[in-house]
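Q: the following comprises the amino acid sequence and a computationally predicted model.
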Amino acid sequence: MSEEQDLVRRVRVGLGARSYDITIGAGIASDLARLISPFIKSPRVFVLTDETVASFHLETVRQQVEGAGWVLHSYAIPAGEASKSWANLEAVLDWLLEAGANRGDVLLALGGGVVGDLAGLTASLMKRGMTLVQMPTTLLAQVDSSVGGKTAINTRQGKNLVGAFYQPRAVIIDTDFLATLPQRERAAGYAEVVKYGLLGDEAFFDWLEVHGEKAMALEPEAISEAIARSCEAKAAIVAEDEREGGVRALLNLGHTFGHALEAENGYGPELLHGEGVACGMMLALLYSARLGLMTLQDAVRAEKVLSRAGLATRIPDLAGGPYPAARLIAHMRQDKKVRGNSVPLILARGIGHAFIQPDSDLADVEAFLTEATGR
């Protein structure tokens, strides 16, 4: 291992017989063959990636796979949220079946959340379950979608409505991959990092107030610490509630609002997922303050941390608008958890103290959004 790899961090996701390690460090892609060798039953590896990531990182993976004497089969989908589709799910399954893949083979997801979600759902369906390894290349995927086993595709009716819970055998996070990430994508992922401080770890939020800009600048110790603490927070929640029957819903802080914003934008490139989540978190905090659950001062603290990363925190400042309140409510009604005229929201009693409000009144939420949007 190199000197950089001396800083490798490991986080365990404790799920009994299905437990797995998240390995985090700079340059650990150069150790890929060793990290996945326990899962190799036949001398080949299937890699699902996207066209952009392939141009940056597929050759590194190829060298590792072929250097170990294995054969690499790769398939690249177009980059972007639109690729989480029925058509691509079918295409990837056909690719695997035509190549003769079986349950004992490894499917390596090399990319961001779109690739990870599509690969995870594909792996769950492929002959009722093939081995999945996540190798996320974006900050958002590294701290969120690659961990915990939630997989899905989008449909005309909404985001992530068709999916499965399917855990990987390992998650391999090379922080060097983030150097090829555009600043906007890095900021979008940082929103999910901030989320962990806001929902359950005030000390981590305090740390981000001091060190967040170093993490955003990819200072090695700071970014590794931010990713590791985010993964630790998610791993603890997943271990307690794997299938989102209780506390795992806390991970959706900002997402009900954020998904509505994304849907109104048509999941277009003008609004990235993390940008929607950042604004969605601020809406959740401001709504909490409106209800008297937390102080406006705490909401302003959160807004400063997000704003310093270049994230818009108010609806009128988002690209891809307008976002009329009535349209956002219509999208929120598509949420899987809506019952009648109420929707569950993740609200907060202060920084680090989020909770599940199971029956937020949609009429009141619409009134709040009308004020927030001016529409």
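A: Structure received. A quick note: this is a predicted structure, and the numbers were derived from the prediction, not measured. Residues are numbered from 1 along each chain as shown.
Q: shouldn't residue 189 be within a strand?
A: No: assigned with DSSP: H, G, I helix; E, B strand; the rest coil, residue 189 falls outside any strand and is helix.
Q: now do the same for the closest residue to it other than its chain neighbours: its pLDDT.
A: Once flanking residues are discounted, residue 189 sits nearest to residue 139: 2.7 Å by Cβ to Cβ, 6 or more residues apart in numbering. Placement of C-beta: from N, CA and C, glycine included. Residue 139 is assigned a pLDDT of 98 by the prediction.
Q: how many other residues sit next to residue 90?
A: For residue 90, the neighbour count with other Cβ atoms under 10 Å is 11.
Q: any idea how far residue 235 is from it?
A: 32 Å (Cβ to Cβ, to the nearest Å).
Q: direction included, what does the helix or strand of the chain with the lowest mean pLDDT pair up with?
A: The helix or strand of the chain with the lowest confidence, counting by mean pLDDT, DSSP states H and E, is strand 158-165 at a mean of 88. Strand pairing for strand 158-165, using DSSP bridges, gives strand 150-155 (antiparallel).
Q: about what we covered before: the residue nearest to residue 189 touches residue 185, doesn't it?
A: Yes: using Cβ atoms under 8 Å, residue 139 is in contact with residue 185, at 7.4 Å.
Q: tell me the SS of residue 293?
A: Of the three states, residue 293 takes coil according to three-state DSSP.
Q: residues touching it, list them.
A: 347-349 (Cβ atoms under 8 Å, 6 or more residues apart in numbering).
Q: which among those residues count as buried?
A: Neighbour-count burial (16 or more other Cβ atoms under 10 Å) is assigned, among these, to 347-348.
Q: is it true that residue 40 touches residue 69?
A: No: using Cβ under 8 Å, residue 40 makes no contact with residue 69, being 10.0 Å away.
Q: more neighbours: these two, which one.
A: residue 40 (18 against 9).
Q: leaving out the residues flanking it, which one is nearest to that one?
A: Per Cβ to Cβ, 6+ apart, closest to residue 40 is residue 106, 6.3 Å.
Q: still on that earlier bit, neighbour-wise, which of residue 139 and residue 185 wins?
A: Using other Cβ under 10 Å, the more surrounded residue of residue 139 and residue 185 is residue 139, with 31 against 19.
Q: secondary structure element for the residue nearest to residue 325 when sequence neighbours are not counted?
A: Nearest non-adjacent residue to residue 325, counting by Cβ to Cβ, 6+ apart: residue 369, 3.8 Å away. Using DSSP states H and E, residue 369 sits within helix 362-373.
Q: which elements pack onto that helix?
A: Applying 3 or more Cβ pairs under 8 Å, 6 or more residues apart in numbering; DSSP states H and E, one finds that helix 362-373 makes contact with helix 273-290, helix 325-332, strand 342-348.
Q: packing partners of the second one?
A: Put plainly, it is helix 325-332. So helix 325-332, by 3+ Cβ pairs under 8 Å, 6+ apart, packs with helix 255-264, helix 362-373.
Q: much appreciated, bye for now.
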